[in-house]
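In: below are the sequence and a predicted model for it; my questions follow.
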Amino acid sequence: MLHRATLRGFTVILAATVLLAGCGGGGEAPQSQVSPAPGTASVFAWSPPATFNDNTPLNPAVDIDYYELYLRRDPNFTDSDQPAVQIAAVANLPSTDGRSVVKSSVTEFTLEQIPSIPAGNVLYVSMRAVGIDKQKSAFMSPVAWERS
């Protein structure tokens, strides 16, 4: 379905969250700098795009293949940048009764999972959605992040 137009932008939140299994994320406004306290993790959370650029509705669970997460020392992301990580758009999660598997949209990523980033650096994080036909959205607005 992405052949009609590219994906439209999406919103993102970078939040400092206590690293506990199953913990959700609070958040600060997009483009805010977050300095996590000791014992916390930086959770990058987003709302997937709801439409293509031509305002045609899109279903993120069907139309988006994966997300590309980018890191830079400045906020000037370009098409020649290489993603730091690819994140599946849909994950198979256990159902509440634990007897079956449910497909669920992925909407957050713990930035500390990227091993090659030294602590103490301020970096900018951006993301693009990649459709099932491999078309990419524009970069979302960069968010400043400092790895503790």
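Out: That came through fine.
In: if I look at Ser126, how far off is Glu68?
Out: According to C-beta to C-beta, to the nearest Å, Ser126 and Glu68 sit 9 Å apart. C-beta coordinates here come from the backbone N, C-alpha and C atoms, glycine included.
In: and Ser104, that's in a helix?
Out: No. Assigned with DSSP: H, G, I helix; E, B strand; the rest coil, Ser104 falls outside any helix and is strand.
In: for the protein, which segments count as helices?
Out: Remark: helices assigned in the chain by DSSP state H are 60-63.
In: for beta bridges, what are the partners of Val122?
Out: Residues in a beta bridge with Val122, per DSSP bridges, are Glu146.
In: I figured it hits Pro142, correct?
Out: No. When contacts are counted by C-beta atoms under 8 Å, Val122 is not listed as touching Pro142 (11.5 Å).
In: who has more neighbours, the two?
Out: Pro142 (21 against 11; other C-beta atoms under 10 Å).
In: where does this structure have low pLDDT?
Out: For the chain, the stretches with pLDDT under 70 are 1-40.
In: gap between the two ends of stretch 82-101?
Out: End-to-end distance for stretch 82-101: 33 Å, by C-alpha to C-alpha, to the nearest Å.
In: buried ones in that stretch?
Out: Within stretch 82-101, the residues that qualify as buried are 83-84, 87, 89, counting by 16 or more other C-beta atoms under 10 Å.
In: which one of those residues is nearest Ser95?
Out: Within the buried residues of stretch 82-101, proximity to Ser95 (C-beta to C-beta) peaks at Ala89, which comes in at 19.5 Å.
In: distance check, the closest one against Pro48.
Out: Going from Ala89 to Pro48 by C-beta to C-beta gives 7 Å.
In: now for the two: what residues contact both?
Out: Counting by C-beta atoms under 8 Å, 6 or more residues apart in numbering, the contacts common to Ala89 and Pro48 are 60, 64, 105, 129.
In: so which of those is the closest to Asn53?
Out: When those are compared for distance to Asn53 (C-beta to C-beta), Ala129 wins out at 11.7 Å.
In: residues contacting that closest one?
Out: Counting by C-beta under 8 Å, 6+ apart, Ala129 touches 7, 10, 48-49, 60, 64, 67, 89, 136-137.
In: ok, back up a step: who wins for neighbours among the shared contacts of Ala89 and Pro48?
Out: For these, neighbours tallied by other C-beta under 10 Å; top is Ala129, 27 neighbours.
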